[in-house]
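K.L.:
sequence-free structure coming up:
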């Protein structure tokens, strides 16, 4: 269930963006588009991009997500969620 867990981290990341920057994320945006919005601080962008790439490969490419992939996503989410990444 590593793919589902990584997807959950991605969804949680989007919720975090919406909480910190209301109305910055539109429903129609893709993960790649969200990664490039100005509301996402540069410090948080690499973590979001990593999580998004793992989920994209899994959902759209059918690639398996193993424990190491999920561990990378989990570590990225921890960095993404830290307040330091959201300071101007």
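P.N.:
Right, received. Where do you want to start? No experiment lies behind these values; they were computed from the predicted model shown.
K.L.:
in stretch 61-79, what counts as buried?
P.N.:
Buried residues in stretch 61-79, counting neighbours by 16 or more other C-beta atoms under 10 Å, are found at 65, 69, 70, 72, 73, 76, 77, 79. (Glycine included, C-beta is placed from N, CA and C.)
K.L.:
could you list the low-confidence segments of the protein?
P.N.:
Residue ranges of the chain with pLDDT under 70: 85, 87-88.
K.L.:
thinking residue 74 is in contact with residue 8, fair?
P.N.:
No - applying C-beta atoms under 8 Å, one finds residue 74 not in contact with residue 8, separated by 10.6 Å.
K.L.:
of the buried residues of stretch 61-79, which is the nearest to residue 16?
P.N.:
Among the buried residues of stretch 61-79, residue 77 lies closest to residue 16 (C-beta to C-beta), at 8.9 Å.
K.L.:
that closest one: what's it in contact with?
P.N.:
9, 12, 13, 47, 51 (C-beta atoms under 8 Å, 6 or more residues apart in numbering).
K.L.:
helix or strand for the nearest residue to the second one once chain neighbours are set aside, which one?
P.N.:
By that I understand residue 12. Among residues not flanking residue 12 along the chain, residue 77 sits closest, at 7.0 Å (C-beta to C-beta, 6 or more residues apart in numbering). Taking DSSP states H and E as the definition, residue 77 sits inside helix 67-81.
K.L.:
show me how far that helix is from its chain's centre.
P.N.:
Here the centre of helix 67-81 is set off from its chain's centre by 9 Å, with C-alpha atoms, centre = their mean, to the nearest Å.
K.L.:
repeat for stretch 46-61
P.N.:
With C-alpha atoms, centre = their mean, you get 8 Å for stretch 46-61.
K.L.:
just stretch 72-88 next, same as before
P.N.:
With C-alpha atoms, centre = their mean, you get 10 Å for stretch 72-88.
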